[in-house]
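Undergrad: Give me the fold of what follows.
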Amino acid sequence: MNDSKFAYDEVPYSSFTFPQTRPDRLATLGAFHGLNTASPDKCRVLELGCGDGTNLISFAYILPNSEFVGIDLSETHIVKAEKTAKELGLSNLTFLKEDVMDFSRERFGEFDFIIAHGLFSWVPDFVREKVLQIYAECLAEDGVGYISYNAYPGCHIRQMIWHMMQFHTAKIEDPMAKVNHGVNFLNFLVAAAPADSLYQTMIKTELSQFAERTAENIFHDDFASLNQPFYFHEFVDKLTVNGLQFLSEVDSFWMEAGQISPEISEKLDELGDDIVRREQYIDFIKCRPFRSTLICRDTKRIDRHPAPEILKNFYLASQVLPESPNPTLNDASKVTFLGPEGGKLEVDHPLTKAALVCLEKAWSSCRTLDGLIDDAKLLCGGATNADIEKTTEDLLSMFHSGFVYLHRFRPRFASEPGEFPTASAFVRWQLHHKSDNLTTLSGMNLKPDSDLMRLMLMLLDGSRDRKALVSEVATRTEFDEAKKDELMAQLPLTIEGKLMEFAKLGMLLG
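TA: From the prediction side, this is the model:
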């Protein structure tokens with residue numbers, strides 16, 4: 001692994017947080033399928049190939065009673081990780097410059113959750129085998145592992161792109177120049193390819209996702225000398241020989257329903273209970289290029305079809321918004337709800353409509369099922385036991401389609417700004433280091449929408465009341481002279497509105 005060592009020391013990987021790897025998410029999906037997973041707020045978590053530690057640090061900040069261990073071969077990464085943990089005053093983290101080949105249960109013990117994101121496809125076969133051995137030896141009895149990897153058949157297309165860029169830039173040594181020339185070459189191919197051809201469309205599609213990635217990410221992922229995709233069934237075969245099994249896909253709950261018609265789903269049902277073949281055929285249908293797979297010990301019995309009552313074991317959250325500002329909730333008229341990713345949902349059941357309205361009003365907080373049903377009954381004018389059963393079934397279906405989220409951990413943050421509002425120290429650290437994304441206390445990633453948002457969050461260190469905030473923002477903001485007086489007069493209301501927004505997003509400490 002020396003090549004990886006030198007490459008990542010020369011070009012450190014960009015700082016990222018990956019919400020799909022959160023302990024709460026892994027614990028929730030494990031418990032949903034019948035495992036007795038550890039509580040997210042009191043667990044042990046290992047990340048193999050932790051980079052500069054940003055991902056684990058985001059968890060450690062939110063979950064101070066849990067323990068986190070990150071290993072990486074890059075000394076540059078580990079030094080930065082330790083520095084950040086110290087800056088944030090976190091003592092529940094351990095970062096080690098460590099080769100996975102030297103990792104053992106005797107030295108590190110067992111873990112409730114093990115994460116390997118962006119590692120498995122980019123290491124030699126003998127290292128991949130060692131990674132799976134670590135899961136087999138160090139995963140707790142009801143532990144959940146996360147492994148992401150490039151997947152076929154979608155990566156057949158991506159490999160074509162990688163190989164062409166690598167050929168074009170073979171004589172360029174500087175990593176960032178290599179990325180720049182590679183991307184420019186793809187733009188050239190788009191212009192040179194036959195207009196509106198399938199080939200041009202394929203290149204355009206791959207090129208479009210480059211805009212969302214850093215140059216460092218592109219260099220390590222697309223120009224890597226080692227980058228091995230797998231068919232899903234091949235990956236599962238590797239699990240099997242190590243005493244592990246497929247638990248679920250992190251994103252399958254909303255991806256599958258949105259892209260597969262009922263007719264195709266019926267054909268897939270003919271496969272019976274063979275979950276591996278079903279997942280493989282879904283990959284064929286979608287041409288999936290990447291997977292984020294959860295695994296567990298093969299001794300555990302997995303419930304693939306939990307009953308609706310299982311929702312009582314979780315907190316529920318949703319940010320679906322009724323299309324109409326005043327939806328009718330007390331009759332069977334249809335109401336359209338809009339999802340955060342552009343999806344639409346039509347609902348005509350009164351109690352279900354009311355429950356979704358209650359969840360949206362509570363966002364980004366979460367609710368118990370019983371509490372949610374009680375509040376929804378008040379909104380829609382009452383409900384029978386049959387109505388409650390129907391709404392519970394609807395909510396479970398919406399979880400599968402991605403409109404409702406489940407949690408085992410209820411995040412702690414202020415529901416409204418206090419006298420001296422204080423933003424998450426981790427968010428302020430991200431802003432200080434020019435991060436493109438901010439990680440809320442509720443575990444979401446979001447992009448700052450304005451300079452005002454960035455400035456205010458940096459100022460919210462707990463030392464300023466409203467008057468001081470208005471004064472600081474006014475001093476640090478350049479106003480259009482023609483509108484300065486009007487904007488200054490509105491500033492207190494603008495700041496109050498932003499504070500309420502931060503509270504709703506889960507960015508303020510309680």
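
Undergrad: Which residue comes closest to G462 once chain neighbours are left out?
TA: T422 (3.8 Å; CB to CB, 6 or more residues apart in numbering). For glycine as for every other residue, the C-beta is placed from the backbone atoms N, C-alpha and C.

Undergrad: Surely that neighbour is in contact with L460?
TA: Yes. Using CB atoms under 8 Å, T422 is in contact with L460, at 5.7 Å.

Undergrad: any residues in contact with both of the two?
TA: Here T422 and L460 share the contacting residues L508, scored by CB atoms under 8 Å, 6 or more residues apart in numbering.

Undergrad: more neighbours, the two?
TA: Taking other CB atoms under 10 Å, T422 and L460 do not tie; L460 has more neighbours (24 against 18).

Undergrad: quick revisit: and the residue nearest to G462, what's its pLDDT?
TA: On pLDDT, T422 comes in at 97.

Undergrad: can you tell me which residues contact it?
TA: With CB under 8 Å, 6+ apart as the criterion, the residues that contact T422 are 460-462, 508-509.

Undergrad: which SS class is the most far-flung residue of the chain relative to its centre?
TA: In the chain, counting by CA atoms, centre = their mean, A482 sits farthest out from the average C-alpha position, at 43.3 Å. Following DSSP: H, G, I helix; E, B strand; the rest coil, the label given to A482 is helix.

Undergrad: distance of the residue nearest to G143 when sequence neighbours are not counted from L431?
TA: Leaving out its chain neighbours, the residue that sits closest to G143 by CB to CB, 6+ apart is D112, at 5.1 Å. Using CB to CB, to the nearest Å, D112 is found at 31 Å from L431.

Undergrad: Neighbour count: those two, which is higher?
TA: Neighbour tally, D112 and L431, criterion other CB under 10 Å: the higher count belongs to D112, 25 against 17.

Undergrad: how near is G402 to L395?
TA: For G402 relative to L395 (CB to CB), the value is 12 Å.

Undergrad: for S74, that is, sorry about that
TA: From S74 across to L395, the span is 44 Å (CB to CB).

Undergrad: likewise T494?
TA: Distance, T494 to L395, by CB to CB: 37 Å.

Undergrad: what's whichever strand or helix holds L96 in contact with?
TA: Taking DSSP states H and E as the criterion, L96 maps to strand 93-97. Strand 93-97 is contacted from outside by 50, 53, 56-57, 60, 67-75, 78, 81-82, 85, using CB under 8 Å, 6+ apart.

Undergrad: Pairing partners for it, with directions?
TA: strand 67-72 (parallel) (DSSP bridges).

Undergrad: OK, contacts around K238?
TA: Shown in contact with K238 (CB under 8 Å, 6+ apart): 128-129, 132, 230.

Undergrad: Show me which of the residues you listed are buried.
TA: Neighbour-count burial (16 or more other CB atoms under 10 Å) applied to the contacts of K238 gives 128, 132, 230.

Undergrad: Let me have those in CSV, extended by secondary structure.
TA: Output for the buried ones among the contacts of K238, formatted as CSV (three-state DSSP):
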residue, secondary structure
R128, helix
L132, helix
F230, strand
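
Undergrad: Looking at strand pairing, list the partners for Y315.
TA: In this entry, Y315 is beta-bridged to T368, H407, by DSSP bridges.

Undergrad: C-terminal to the helix or strand of the chain with the lowest mean pLDDT, what's the next element?
TA: Across the helices and strands of the chain, mean pLDDT, DSSP states H and E gives its lowest value to helix 252-259, namely a mean of 50. The C-terminal neighbour of helix 252-259 among helices and strands, as given by DSSP H and E, is helix 262-269.

Undergrad: Can you list the helices and strands that that following helix packs against?
TA: With contacts taken as 3 or more CB pairs under 8 Å, 6 or more residues apart in numbering; DSSP states H and E, helix 262-269 sits against helix 275-286.

Undergrad: now what about the helix it packs on, what contacts it?
TA: For helix 275-286, contacts defined as CB under 8 Å, 6+ apart pick out 151-154, 231-233, 236, 246, 249, 252, 255-256, 259-260, 264, 268, 271, 288, 291, 304.

Undergrad: okay, the angle between the helix or strand following it and helix 275-286?
TA: Using DSSP H and E, the next helix or strand after helix 275-286 towards the C-terminus is strand 290-297. Interaxial angle, strand 290-297 versus helix 275-286 (axes from the mean of the first three to the mean of the last three CA atoms, to 10 degrees): 170 degrees.

Undergrad: Send me strand 290-297 as CSV with only the CA atoms.
TA: In CSV, the C-alpha atoms belonging to strand 290-297 read as follows (Å, rounded to 0.1, in the frame of the first residue of the first chain):
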residue,chain,number,x,y,z
PHE,A,290,-21.7,2.6,-7.0
ARG,A,291,-22.9,0.8,-3.9
SER,A,292,-23.0,1.6,-0.2
THR,A,293,-23.7,-1.8,1.4
LEU,A,294,-24.4,-2.7,5.0
ILE,A,295,-23.3,-6.1,6.3
CYS,A,296,-23.5,-8.2,9.4
ARG,A,297,-22.6,-11.6,10.8
